[in-house]
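[1] One predicted model, sequence on top.
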Amino acid sequence: MEHKKAYLALIEEINKGTDLAVPSKNSDYDKLLNETYQQLIAKLKKSPIAVSMGANNTTIEADDIRQVQRVWLKYRDSSAKLFARIDPSIDENAWKRWLTKKRVEEFKDMFALWEMSD
């Protein structure tokens, strides 16, 4: 539910007009995303992340991230297309770069979570 609210808030912001500060080449963030993803997968193969949320305990493993990443790539591409339609002053590739930058930040948060679980 929280993710849905954040997504709808983002669409509202785009609808008002937004200024993206991202590099002009997709390959910059794609490369960073791939490097960060590979590092995260390598770490998770060695040591999955143990997560405790109240009474719920779970483990995040490399295969979990792989499955989510495959879905996320489709989400990124579809969202970029939608955002470019909402705000035509920003092209689809700029949105892909911006979403990829956000994904790299999420992976870095996962690294922090992993380090906290040690």
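    Done, it's in. Residues are numbered from 1 along each chain as shown.
[2] which stretch of helix or strand covers the residue nearest the centre of the chain?
    Within the chain, one residue has its C-alpha closest to the average C-alpha position: by Cα atoms, centre = their mean, that is Arg103, at 2.3 Å. Arg103 belongs to helix 92-117 when assigned by DSSP states H and E.
[3] Only the buried residues of that helix, if you could.
    Of the residues in helix 92-117, those buried by neighbour count under the rule 16 or more other Cβ atoms under 10 Å are 92, 94-101, 103-104, 107, 110, 114. From N, CA and C alone the C-beta is placed, and that goes for glycine too.
[4] Okay, now the unreliable bits of this protein?
    Across the chain, the stretches falling below the confidence threshold (pLDDT under 70) are 1, 15-27, 114-118.
[5] all strands for it, in order.
    49-53, 56-60 (DSSP state E).
[6] so what strands line up beside the last one?
    Spelled out, that is strand 56-60. Partners of strand 56-60 in the sheet, by DSSP bridges, are strand 49-53 (antiparallel).
[7] Any buried residues in the strand it pairs with, and which?
    Neighbour counts over strand 49-53 (16+ other Cβ under 10 Å) mark Ile49 as buried.
[8] what angle separates it from helix 92-117?
    Using axes from the mean of the first three to the mean of the last three Cα atoms, to 10 degrees, the inter-axis angle of strand 49-53 relative to helix 92-117 is 80 degrees.
[9] Using the centroid of the protein, identify the residue furthest from it.
    The outermost residue of the chain, judged by C-alpha distance from the chain's mean C-alpha position using Cα atoms, centre = their mean, is Ala55 at 26.9 Å.
[10] Tell me who's in contact with the residue nearest to the centre of the chain.
    33, 72, 76 (Cβ atoms under 8 Å, 6 or more residues apart in numbering).
[11] Counting neighbours, what do you get for Lys4?
    Taking other Cβ atoms under 10 Å as the criterion, the count of residues near Lys4 is 8.
[12] now do Ser79
    By other Cβ under 10 Å, neighbour count at Ser79 equals 20.
[13] Leaving out sequence neighbours, find the closest residue to it.
    Leu99 (6.0 Å; Cβ to Cβ, 6 or more residues apart in numbering).
[14] Please tell me how far that neighbour sits from Lys46.
    Distance check for Leu99 against Lys46: by Cβ to Cβ, to the nearest Å, it reads 29 Å.
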